[in-house]
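Q: heads up, no residue letters with this:
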């Protein structure tokens, strides 16, 4: 009998498995229908020996020291600040838009004040920001919207920005200085030995068992467990009772080139040309030294793996119906992107999982046996710190009810 069954071996499931095993000493079974752990952050060495991300680039960044401290239990870090260029009208310019972008694109020589004035002169007043188009044109105007955002968004989402919720572009900054970093978080690093190695350490506790190539529906009534954590699509858990939630998917085309480098930056976006949205060169991200290089081309799709919840009023209304079912379901916790139908960065998923564990730890009482085991482990740890090599003998006598000398 497992104390917990966790569906999904990505960030949400792995963090919760690790916490339940190490902090509550409970038996956890983690299953995943894929052949690997790590979810979409899975990385591996390809045939050429290059470390690549199977499901597109995953760049870690956060402002939350608590999350850095937690993940640092399982990995060392390599500093990396992501930079992106966009190919617009035959030129490659920084994105997010900054002063350099404006000067290159319009053959200008603006200082910061001039860049701010330029953007202000182009911005269009929008009485109420409702759509992604509203957000962008109110910041940078119609011309930059057409050059950088409309085509990219239509490829990525299969919808015009005027049909998408404002949240899609609300997080995209516009800068008047020359800061060309894609993110500005205080912590920007990559796991030194890759994400998969980090997940292996996270799931390496003896109280955790992992089953891959395993679908939840195949074992739900076969393997005994007490409680469930579900990180898959929430609509699938309820048998698509109200219909299927819409997602956008991606097809990843991996290419290895017989040259050391291919791009100036980690990623190049293509908002105006090509049927793919962006190309990423992994060696920028990983810091790997290799005579060859590997790239991934991202082709948006309507069908395939569910990657991006489509943020429309209709999809949110449908999700709310499933959310109501989830709230009424006892002994099941829904965690992660797919289970809560939201786009989260990796650090946000980790934060959500840690917060969920705290709620579980408060709401679910430990059995007396588990509570005693945890006390014994705490005592052993404290005794080891105090007595060093003598601790095992002292603890053994104490736990057997014998008097310590």
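A: All right, it came through fine. All values reported here derive from a predicted model rather than from experimental measurement. Residues are numbered from 1 along each chain as shown.
Q: and residue 31, backbone torsions?
A: In this entry, residue 31 is assigned phi and psi values of phi -120, psi 150 (degrees, to the nearest 10).
Q: residues in contact with it?
A: Residue 31 makes contact with 5-9, 210-212, 214-216, 219, according to Cβ atoms under 8 Å, 6 or more residues apart in numbering. Every C-beta, even on glycine, is put in place using the N, C-alpha and C of the backbone.
Q: Can I get those residues in TSV including secondary structure, distance to residue 331 and neighbour count?
A: As requested, the contacts of residue 31 are exported to TSV (DSSP: H, G, I helix; E, B strand; the rest coil; distance: Cβ to Cβ, whole Å; neighbours: other Cβ atoms under 10 Å):
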residue	secondary structure	distance to residue 331	neighbour count
5	strand	10	22
6	strand	13	28
7	strand	14	28
8	coil	17	27
9	coil	21	27
210	strand	22	20
211	strand	20	14
212	coil	25	13
214	coil	20	18
215	coil	21	12
216	helix	15	17
219	helix	17	15
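Q: In a markdown table, list the residues you listed along with distance to residue 264.
A: Formatted as a markdown table, these follow (distance: Cβ to Cβ, whole Å):
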| residue | distance to residue 264 |
| --- | --- |
| 5 | 47 |
| 6 | 41 |
| 7 | 41 |
| 8 | 36 |
| 9 | 35 |
| 210 | 40 |
| 211 | 43 |
| 212 | 38 |
| 214 | 43 |
| 215 | 43 |
| 216 | 44 |
| 219 | 48 |
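Q: I'd like the distance between the residue most central in space within the chain and residue 290.
A: The centroid of the chain falls nearest to residue 346 when counting by Cα atoms, centre = their mean (2.7 Å). Taking Cβ to Cβ, to the nearest Å as the criterion, residue 346 is separated from residue 290 by 25 Å.
Q: Show me where the stretch 301-405 of the chain has its helices.
A: 313-327, 337-340, 346-363, 368-387, 391-399 (DSSP state H, counting those that start in this stretch).
Q: Kindly report the same for the stretch 151-300 of the chain.
A: Under DSSP H, counting those that start in this stretch, the stretch 151-300 of the chain gives helices at 151-157, 167-170, 195-202, 216-219, 234-237, 282-286.
Q: next one: the longest one to chain centre, how far?
A: Taking Cα atoms, centre = their mean, to the nearest Å, the mean C-alpha location of helix 195-202 is offset from the chain mean by 14 Å.
Q: Same question for the fifth one.
A: Counting by Cα atoms, centre = their mean, helix 234-237 is centred 20 Å from the centre of its parent chain.
Q: which helices and strands sit right next to it?
A: helix 313-327, strand 332-334, helix 337-340 (3 or more Cβ pairs under 8 Å, 6 or more residues apart in numbering; DSSP states H and E).
Q: most packed of these?
A: Most buried of the helices and strands packed on helix 234-237, by mean neighbour count (mean count of other Cβ atoms under 10 Å): helix 337-340, with a mean of 24.
Q: What average pLDDT does that one get?
A: Per-residue confidence for helix 337-340 averages out to 97 on the pLDDT scale.
Q: Use 50 as the first number for this chain going forward.
A: Sure, I'll start numbering at 50, so the last one becomes helix 386-389.
Q: one step back: identify whichever of the helices of the stretch 200-349 of the chain lies nearest to residue 400.
A: Across the helices of the stretch 200-349 of the chain, residue 400 has its closest neighbour in helix 244-251 (15.4 Å, Cβ to Cβ).
Q: For the closest one, which residues meet the burial criterion?
A: Buried residues in helix 244-251, defined by neighbour count with 16 or more other Cβ atoms under 10 Å: 244-249, 251.
Q: hmm, who's touching that helix?
A: Outside helix 244-251, the residues that touch it by Cβ under 8 Å, 6+ apart are 58, 63-64, 66-67, 85-87, 90-93, 102, 107, 120, 122-124, 240.
Q: change it to 7 Å
A: For helix 244-251, contacts defined as Cβ atoms under 7 Å, 6 or more residues apart in numbering pick out 63, 67, 86-87, 90-93, 107, 120, 123-124, 240.
Q: Go ahead and build a PyMOL selection from the buried members of the residues you listed.
A: Isolation of the buried members of these (16+ other Cβ under 10 Å) is achieved in PyMOL through the command below:
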select buried, resi 63+67+86+87+90+91+92+107+120+123+124+240
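Q: which of the contacts of helix 244-251 sit farthest apart?
A: 67 and 93 (21.3 Å).
Q: tell me the strands in the stretch 150-299 of the chain, going along the chain?
A: Along the stretch 150-299 of the chain, the segments classed as strands by DSSP state E, counting those that start in this stretch run 236-240, 257-260, 274-279, 296-306.
Q: Go through those and name the closest to residue 327.
A: Each of the strands of the stretch 150-299 of the chain was checked against residue 327 via Cβ to Cβ, and the shortest separation belongs to strand 296-306, namely 10.2 Å.
Q: Run the angle between that closest one and helix 362-376 for me.
A: For strand 296-306 against helix 362-376, the angle by axes from the mean of the first three to the mean of the last three Cα atoms, to 10 degrees is 100 degrees.
Q: start to end distance for stretch 353-360?
A: Across stretch 353-360, the straight-line distance between its terminal residues is 18 Å, by Cα to Cα, to the nearest Å.
Q: ok, and for that stretch, which residues are buried?
A: 355-360.
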